[in-house]
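Student: model the following, please.
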Amino acid sequence: MNQLIKIDNTEIRQDGQGRYCLNDLHRASGGESRHRPTYWLTNQQTQELISEISKDGIPSILTKQGLGTFVCKELVYAYAMWISPKFHLLVIRTFDAVVNKSQTMDPMIALNDPVYLRSALLTYSEKVLELKPKAEAFDRLATKAQGSMNLTNAAKHLQMQPKMFIQFLFSHRWIYKRVGSKPWIAYQDKLQIGYLEHKANPYEDKDGNLKISEQVLVTAKGLVKLSEMLNKAVEL
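Tutor: All right, here's what the predicted structure looks like:
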């Protein structure tokens with residue numbers, strides 16, 4: 001039987017293999033948008049850590065449709081450290097306290113414990129609508145894209161035709177064109193958030209003069225956001 005773990009009154013769910021729900025940890029940390037599990041999971045260091053842990057032959061991570069992403073304890077600690085030193089220490093102390101707890105609950109007492117029953121019988125139905133877009137967004141990034149990519153490659157990752165994808169970005173005020181200019185330009189707010197980037201490409205014009213052309217790139221963070229937006233658009 002999995003032991004109940006609570007961090008700041010937030011219950012951390014476990015699956016049948018003892019993995020812990022990252023989405024619950026995100027809520028326990030304060031639920032800031034910049035600390036979403038999807039951002040951490042697309043980090044290169046995170047991918048390398050997952051690869052090392054997976055060498056043992058035990059699946060260290062599993063995304064369950066509508067429920068969230070479940071990971072092993074090592075990844076729980078790594079995710080907490082990525083959020084902040086304070087939250088990292090809180091998670092370590094909480095997990096240690098549960099592990100070191102020597103007393104076990106009698107089955108008959110457990111059946112009369114409403115907290116235990118809630119955990120054991122929870123169907124998670126109230127969580128599905130909240131987590132579905134995020135879970136699907138991560139599923140659609142199964143290729144684990146790292147770094148930034150041009151609009152054509154981003155469209156391929158999101159399984160869209162490039163023309164439709166560019167029109168989607170334009171209609172949702174991600175990119176625009178200056179009057180008389182051909183290259184697409186990212187809106188400033190999307191640059192500041194970190195969804196898009198500009199890449200400077202030097203070239204020579206027909207007269208041999210050096211020119212600079214800017215190219216819009218979609219970041220891994222932007223790709224996750226766009227996938228969520230597309231999922232919501234499909235549901236409407």
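
Student: where's the residue of the chain most remote from its centre, which helix or strand?
Tutor: Within the chain, the residue lying farthest from the chain centre (CA atoms, centre = their mean) is residue 207, at 47.4 Å. Element membership for residue 207 (DSSP states H and E) is empty, with no helix or strand holding it.

Student: gap between it and residue 64?
Tutor: 59 Å (CB to CB, to the nearest Å). Glycine gets a C-beta too; all of them are placed from N, C-alpha and C.

Student: touching, residue 172 and residue 225? I think so.
Tutor: No. Using CB atoms under 8 Å as the test, residue 172 is too far from residue 225 to be in contact (10.4 Å).

Student: neighbour count for those two, which is higher?
Tutor: Neighbour count, other CB atoms under 10 Å: between residue 172 and residue 225, residue 225 has more, with 22 against 13.

Student: ok, now which ones touch the more buried one?
Tutor: Neighbouring residues of residue 225 by CB atoms under 8 Å, 6 or more residues apart in numbering: residue 195.

Student: where does it land on pLDDT?
Tutor: For residue 225, the pLDDT comes out at 90.

Student: and the most centrally placed residue in the chain, which of the three is it?
Tutor: The centroid of the chain falls nearest to residue 38 when counting by CA atoms, centre = their mean (0.7 Å). With DSSP: H, G, I helix; E, B strand; the rest coil as the basis, the three-state label of residue 38 is helix.

Student: is the residue nearest to it when sequence neighbours are not counted in a helix, a strand, or coil?
Tutor: The shortest distance from residue 38 to any non-neighbouring residue, by CB to CB, 6 or more residues apart in numbering, is to residue 224 (4.7 Å). Three-state call for residue 224 (three-state DSSP): helix.

Student: give me the number of residues near residue 224?
Tutor: 22.

Student: quick one: it and residue 41 touch, right?
Tutor: No. Counting by CB under 8 Å, residue 224 does not reach residue 41; the two are 9.1 Å apart.

Student: phi, psi of residue 186?
Tutor: Per-residue torsions, residue 186: phi -80, psi 140 (degrees, to the nearest 10).

Student: the spatially closest residue to it that is not a sequence neighbour and residue 5: what is the separation?
Tutor: Using CB to CB, 6+ apart and skipping residues adjacent in sequence, the residue nearest residue 186 is residue 196, 3.9 Å away. Taking CB to CB as the criterion, residue 196 is separated from residue 5 by 38 Å.

Student: these two - which one has more neighbours?
Tutor: Neighbour totals were compared for residue 196 and residue 5, and residue 196 leads with 26 against 22 (other CB under 10 Å).

Student: residue 26 and residue 14, how far apart?
Tutor: In terms of CB to CB, residue 26 sits 16 Å off from residue 14.

Student: more neighbours: these two, which one.
Tutor: Using other CB under 10 Å as the criterion, residue 26 and residue 14 rank with residue 26 on top: 23 against 17.

Student: my guess is that one meets residue 38, correct?
Tutor: No. Applying CB under 8 Å, one finds residue 26 not in contact with residue 38, separated by 9.7 Å.

Student: can you give me the pLDDT of residue 3?
Tutor: pLDDT, residue 3: 69.

Student: for the chain, what spans make up the helices?
Tutor: Along the chain, counting by DSSP state H, helices occupy 22-28, 37-41, 44-54, 73-83, 85-99, 107-111, 114-121, 125-139, 151-157, 162-171, 188-193, 220-235.

Student: redo those as a markdown table? Include distance to residue 60.
Tutor: A markdown table is the format used below for the helices of the chain (distance: least, CB to CB, whole Å):
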| stretch | distance to residue 60 |
| --- | --- |
| helix 22-28 | 12 |
| helix 37-41 | 12 |
| helix 44-54 | 4 |
| helix 73-83 | 6 |
| helix 85-99 | 16 |
| helix 107-111 | 29 |
| helix 114-121 | 23 |
| helix 125-139 | 15 |
| helix 151-157 | 24 |
| helix 162-171 | 33 |
| helix 188-193 | 30 |
| helix 220-235 | 20 |
